[in-house]
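**Student:** Here is my input; please provide its structure:
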Amino acid sequence: MDRIKVDGNARNFYEGTLKEAKRQIEIIDAKIEEELARVKELIAQLQEQKKSTRMIYDSAASILGAKNEFEENEG
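**Tutor:** All right, here's what the predicted structure looks like:
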C-alpha cells in the first residue's frame, strides 16, 4: 500500500484515529471472547440437560416397551 505524505495537524489526526480504532478493535475482540465463553457455557449446560432428559426418556420407553424414536434417528 502506497503511503501518502502527511504532516502537521493531519498527521496528528491520523495517528489519533489509528490509536482509537486499534483500541476499539481490542475492546470488540474482548467482547467477542466474553460472548463466546458465555455461549459455550450455555451450550454445555443444555447438553447436560438433554443428556439427563434423554436418559429419562430412554428408561420410560424401555419400561413401557414403546418405540424409542431417538434411537431410530441415531442409526
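
**Student:** alpha carbons only for contacts and neighbour counts from here, please
**Tutor:** OK.

**Student:** For the residue positioned nearest the centre of the chain, give me the pLDDT.
**Tutor:** In the chain, the centroid-proximal residue (CA atoms, centre = their mean) is residue 36; its distance is 3.2 Å. Note on residue 36: pLDDT of 98.

**Student:** Figure out the helix or strand that it lives in.
**Tutor:** Under the criterion of DSSP states H and E, residue 36 resides in helix 9-64.

**Student:** after that helix, next one along is what?
**Tutor:** Under the assignment DSSP H and E, the closest C-terminal helix or strand after helix 9-64 is helix 69-74.

**Student:** Quick one: mean pLDDT for stretch 62-71?
**Tutor:** Across stretch 62-71, the average pLDDT comes to 93.

**Student:** end-to-end on it?
**Tutor:** 12 Å (CA to CA, to the nearest Å).

**Student:** List the buried residues for that stretch?
**Tutor:** Using 16 or more other CA atoms under 10 Å as the test for burial, stretch 62-71 gives no buried residues.

**Student:** Please enumerate residues in contact with that stretch?
**Tutor:** Applying CA atoms under 8 Å, 6 or more residues apart in numbering, the set of residues contacting stretch 62-71 from outside is 58, 61.

**Student:** now that stretch: how far from the chain's centre is it?
**Tutor:** 35 Å (CA atoms, centre = their mean, to the nearest Å).
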